[in-house]
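Trainee: Fold the following for me, if possible:
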Amino acid sequence: MEQLMGRAFEYRKAAKMKRWGNMSRVFPKLAKAIEIAAKAGGGDPEMNSALRTAILNAKAENMPKTNIESAIKRATGKDAANYSDVNFEGKGPHGVLVFVETATDNNTRTVANVKMHFNKNGGQVVPTGSLEFFFDRKAIFEFNKTEDMDIEELELELIDAG
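Mentor: Predicted coordinates:
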């Protein structure tokens, strides 16, 4: 006869699985951001503001210090993967213009994935440079989230402000 562990165990198990699922989804993205920043500006956070920001983002998600250090070592070592920034332009359904910025170590795979997503959703990739003049990089907004802040309300206010 199988012995059941009990309800408290099941609640703890569910909470751990949820946390581990979030970590397995977020930590690789944060590590890649750290690697790209370290490769671009060096492995010293004091001299590299992009790396410092990436490390702060990783710490905000409770990424272990060993993971952060190993990402920096991978980027500054001789076996480091070469990530390149690639931009794609496309038209989505109903003529919506889309500008996609990517960082990749395999350009062929990224091109295939971006084209697949455009085609699957009724869009098309257009030649580089044909839509870029429609877009301007204005600013990057960063906020420290407070307990009473509603993200959706903030997003709508930013959209209304232009």
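Trainee: per-residue pLDDT, T53?
Mentor: The model reports T53 with a pLDDT of 91.
Trainee: try the one 4 residues further on
Mentor: With respect to pLDDT, N57 scores 91.
Trainee: correct me, but it touches K29?
Mentor: No. Look at N57 against K29 with C-beta atoms under 8 Å: they stay out of range, at 9.6 Å. Where C-beta positions appear, they are placed from N, C-alpha and C, glycine not excepted.
Trainee: Please identify which of those two sits among more neighbours.
Mentor: N57 (16 against 12; other C-beta atoms under 10 Å).
Trainee: How about that one, nearest residue that isn't a chain neighbour?
Mentor: Nearest residue to N57 in three dimensions, chain neighbours excluded: L30, at 6.3 Å (C-beta to C-beta, 6 or more residues apart in numbering).
Trainee: Assumed the one you found was part of a helix.
Mentor: Yes. Judged by DSSP: H, G, I helix; E, B strand; the rest coil, L30 forms part of a helix.
Trainee: can you pull the contacts of it?
Mentor: 54, 57-58, 61, 63, 71 (C-beta atoms under 8 Å, 6 or more residues apart in numbering).
Trainee: same thing with I36?
Mentor: Contacts for I36 (C-beta under 8 Å, 6+ apart) come out as 54, 75, 83, 103.
Trainee: so can I have a markdown table of the residues you listed showing neighbour count?
Mentor: As requested, the contacts of I36 are exported to a markdown table (neighbours: other C-beta atoms under 10 Å):
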| residue | neighbour count |
| --- | --- |
| A54 | 24 |
| A75 | 22 |
| Y83 | 17 |
| A103 | 13 |
